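K.L.:
here is the input, now give the coordinates:
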Amino acid sequence: GLPASGIYRYFVSKSDILAAAFHRAADRLETAVAAGTAAASDPEDALRSLVSIYVDLSFSQRELMSVYFAELVNVPDASRADLRLRQRANVEQWSSYLQAICDGLSAADARFLMYAAINLVPDLGVLLGTSAAQQQAENIHRCMLAVLLSRSGQRLGHGEDAPCTPTIGSAH
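P.N.:
Numbering: from 1, shown residues only. This next block holds a predicted model:
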């Protein structure tokens, strides 16, 4: 019920609006991650939960994710630095679970794998398009797990060793 110009009673600029939206999204992600990891029985269960949370939030908040990737550079420096610190803390948490699962995996390699897996979601979302990506969410989830767990020799579930097979052609 608020006219578009009315929002500027609460925010000085577009960059402040973006910062508020991105901080709210980070809060939601942290809340979901805390709940998901609290319910986990072991590091692998926690990692699988985090992957599910990330894929689900990425598609349920798709428009916000697109704006985040396109507009983060326009957020005030202090807010951008805080958001990046929060993102790094999230990746460190994920990485610690991955290291607990994969014996001998260095912290640097764990972070590399985490960023590779996380970036699959927006990249495949763009490649597939919104509705196809949502239809392929389970396959995207398995792709992330394949990136993360294939080094450990773990089976990835559903009776497959490497089930990263989104069906791009049939999704359109």
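
K.L.:
so where's this protein uncertain?
P.N.:
For the chain, applying pLDDT under 70 flags the ranges 151-172.

K.L.:
switch to 50 and redo it
P.N.:
Within the chain, the stretches with pLDDT under 50 are 152-172.

K.L.:
spatially central residue for the protein, please.
P.N.:
residue 54 (3.9 Å; CA atoms, centre = their mean).

K.L.:
and that residue, what element?
P.N.:
For residue 54, the element it lies in under DSSP states H and E is helix 43-60.

K.L.:
quick one: name whatever helix or strand follows that helix.
P.N.:
Next along the chain after helix 43-60, taking DSSP H and E as the criterion, comes helix 62-71.

K.L.:
could you give the angle of that following helix to helix 43-60?
P.N.:
90 degrees (axes from the mean of the first three to the mean of the last three CA atoms, to 10 degrees).

K.L.:
tell me what helix 62-71 is packed against?
P.N.:
When contacts are defined as 3 or more CB pairs under 8 Å, 6 or more residues apart in numbering; DSSP states H and E, helix 62-71 packs onto helix 14-38, helix 107-128. C-betas here are computed from N, CA, C, even on glycine.
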